[in-house]
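Chemist: Fold the following and give me the result.
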Amino acid sequence: MSILLVNNKQFVVIIVIICLFYFTFICLNVNVADNGSITAPPFLLNGRKRPKDGYIVRVDRLEKNCGDIKNIMIENCLKYLDNNEDDYMISFPTTAGVSPPPPCNRDHSPMLFHVFWKDQITDKIALMMKSFLYSQPLECSKLYVWLDNVNNTNLDDNEHIHPLLKYSPTNIEFKFWNIEEQLSSNDIYAGWQSHYYSSISVTLSDLVRFVVLHNYGGIYIDADVLLVRDMRPLYYANFEFSYRWSYLNEYNTAVLRLWKESQSSKMVIRGAINNNMSFHPWDIKKYLSTHENSTLKETNKFIYMLPPGLFDPLWLKQDDKQQSSVLSPNLQYLTNAFNPNVVPDEIPGLDPATFDGSPLDIRNIENFFRGIFTYHWHNQWNVTIHPTSWIGVIQTAYDDFLSGKRRNLYNEYIFKQL
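Modeler: As a prediction, this is how the structure comes out:
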């Protein structure tokens with residue numbers, strides 16, 4: 001199965017091609033009005049442009065405008081990210097022996113993402129998968145969904161996954177997590193059995209992310225993280241990265257980019273095996289250094305700790321570190337994104353007690369923390385997704401996009417399916 005995403009210019013070209021080849025009876029899955037004309041979803045006036053092929057982020061500019069969390073408010077970081085791509089994205093530098101990012105097409109290896117899921121398939125893991133389809137360039141992106149219980153899961157019968165199976169295996173590939181198989185593939189894992197089976201503190205997902213990235217490379221995304229923007233400028237940057245644990249100088253590996261069989265992954269894996277298989281994010285720094293009290297300057301040479309605002313805009317406010325920050329939407333707590341009702345100060349000056357409209361009147365996906373690359377909603381697995389909540393609005397947008405009813409953030413829409 002393949003999927004074609006088009007913007008307005010491409011749409012005009014495609015219409016011409018259809019007219020020229022109409023006699024061949026090519027069958028297209030498009031919306032056709034009664035008069036026979038092909039209709040497209042409404043154009044988004046505040047949509048984005050895809051990053052230019054071969055462009056990557058400048059980490060020095062990201063640090064300058066987002067890194068100092070004591071003096072730079074997240075709201076200003078997001079405004080910078082939203083409005084200044086020309087300042088912090090540059091063409092990949094020409095360096096001897098270093099290959100530039102490949103063009104975005106199916107003739108080259110895709111940008112590879114990973115997510116791990118251990119329990120029964122729910123709407124929450126499906127939401128993450130939909131965010132991938134909604135945001136990433138599907139001509140050059142693939143998501144590996146690692147399932148620990150795949151033998152007990154009939155994907156065809158699952159209401160949350162069944163609609164997504166048409167994107168498999170081209171864009172989404174379901175893979176069985178087998179720890180024996182994955183940790184027997186390389187000598188770097190020698191001795192893991194004696195530590196793993198004797199330890200009760202091993203968090204499986206913390207282990208999985210480093211193993212699959214060492215074995216395959218790519219970006220690991222936790223299941224409670226939504227992909228929001230095209231990740232190519234980060235994916236192809238000349239550094240590996242994770243991001244900061246709120247205001248602490250510790251890693252949060254909910255978003256983790258490592259190259260296949262990199263020096264960084266080797267250091268973490270060997271360090272964890274020698275530390276009773278602890279892959280907890282707070283242990284990562286000590287594995288990347290030869291001494292205690294290592295500095296960020298030292299560990300950033302291996303896995304760069306990016307500012308939290310790029311991936312987790314509410315965390316500092318939730319932790320009472322930026323109480324005066326006025327975000328858009330101006331939520332206070334991570335739980336607010338799941339609230340079906342308007343919350344106090346969500347829009348400055350709007351009083352929920354006197355507001356007589358629907359939350360849907362003031363909530364739309366295009367205005368959800370503009371500028372972020374991902375949104376981490378932090379473990380609210382048992383919370384119901386109400387249609388009028390922010391997460392519900394996002395889910396509806398994903399579903400409408402996948403059914404061809406609306407455009408994504410980049411003004412693309414599903415035009416053809418084979």
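Chemist: from what I can see residue 276 touches residue 195, true?
Modeler: Yes - taking contact to mean C-beta atoms under 8 Å, the distance of 5.4 Å between residue 276 and residue 195 places them in contact. Backbone N, C-alpha and C define where each C-beta goes, glycine included.
Chemist: Settle it for me: which of these two has more neighbours?
Modeler: Using other C-beta atoms under 10 Å, the more surrounded residue of residue 276 and residue 195 is residue 195, with 16 against 13.
Chemist: Please report the distance of residue 299 from residue 288.
Modeler: 4 Å (C-beta to C-beta, to the nearest Å).
Chemist: Helices along the stretch 101-250 of the chain, start to end?
Modeler: If you assign secondary structure with DSSP state H, counting those that start in this stretch, the helices in the stretch 101-250 of the chain sit at 123-135, 179-182, 192-196, 204-216, 232-235.
Chemist: Take stretch 217-233, keep the C-alpha atoms, and write them as PDB.
Modeler: Coordinates of each C-alpha in stretch 217-233 appear next as PDB, following Å, rounded to 0.1, in the frame of the first residue of the first chain:
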ATOM      1  CA  GLY A 217      19.600   3.400  14.600                       C
ATOM      2  CA  GLY A 218      16.900   6.100  14.400                       C
ATOM      3  CA  ILE A 219      14.700   8.000  16.900                       C
ATOM      4  CA  TYR A 220      13.000   6.300  19.800                       C
ATOM      5  CA  ILE A 221       9.700   7.900  20.900                       C
ATOM      6  CA  ASP A 222       7.800   7.000  24.100                       C
ATOM      7  CA  ALA A 223       4.200   5.900  23.500                       C
ATOM      8  CA  ASP A 224       3.000   9.000  25.400                       C
ATOM      9  CA  VAL A 225       4.800  11.300  23.000                       C
ATOM     10  CA  LEU A 226       3.100  12.800  19.900                       C
ATOM     11  CA  LEU A 227       5.100  13.800  16.900                       C
ATOM     12  CA  VAL A 228       4.200  17.300  15.900                       C
ATOM     13  CA  ARG A 229       6.700  18.600  13.300                       C
ATOM     14  CA  ASP A 230       8.800  17.100  10.600                       C
ATOM     15  CA  MET A 231      11.800  15.600  12.500                       C
ATOM     16  CA  ARG A 232      14.300  15.600   9.600                       C
ATOM     17  CA  PRO A 233      16.200  18.700  10.700                       C
END
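Chemist: chain center to it, what's the gap?
Modeler: Averaging C-alpha positions (C-alpha atoms, centre = their mean, to the nearest Å) puts stretch 217-233 3 Å from its chain's average.
Chemist: do the same with stretch 257-275
Modeler: The chain centroid and the centroid of stretch 257-275 are separated by 22 Å, computed with C-alpha atoms, centre = their mean.
Chemist: Contacts made by it with the rest, please.
Modeler: Among residues not part of stretch 257-275, those counted as contacts by C-beta atoms under 8 Å, 6 or more residues apart in numbering are 186, 188-192, 195, 207, 210-211, 213-220, 234-235, 240-242, 278-279, 283-284, 286-288, 302-303.
Chemist: Would you write out the PyMOL command that picks the buried residues out of these?
Modeler: Here the buried members of the contacts of stretch 257-275 are turned into a PyMOL selection, burial being counted by 16 or more other C-beta atoms under 10 Å:
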select buried, resi 188+189+192+195+207+210+211+213+214+215+216+217+218+219+220+234+235+240+241+242+278+279+283+284+286+287+288+302+303
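Chemist: residues in contact with residue 252?
Modeler: Contact criterion C-beta under 8 Å, 6+ apart gives 242, 243, 244, 245, 246, 281, 308, 312 as the residues in contact with residue 252.
Chemist: so the fourth one makes contact with residue 285?
Modeler: No - using C-beta under 8 Å, residue 245 is not in contact with residue 285; the gap is 10.5 Å.
Chemist: just to revisit the earlier point, let me have the contacts of residue 252 in JSON lines, extended by distance to residue 76 and pLDDT.
Modeler: Shown next, in JSON lines, are the contacts of residue 252 (distance: C-beta to C-beta, whole Å; pLDDT from 0 to 100):
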{"residue": "242", "distance to residue 76": "23", "pLDDT": "98"}
{"residue": "243", "distance to residue 76": "18", "pLDDT": "98"}
{"residue": "244", "distance to residue 76": "17", "pLDDT": "97"}
{"residue": "245", "distance to residue 76": "21", "pLDDT": "97"}
{"residue": "246", "distance to residue 76": "18", "pLDDT": "97"}
{"residue": "281", "distance to residue 76": "26", "pLDDT": "95"}
{"residue": "308", "distance to residue 76": "14", "pLDDT": "98"}
{"residue": "312", "distance to residue 76": "16", "pLDDT": "98"}
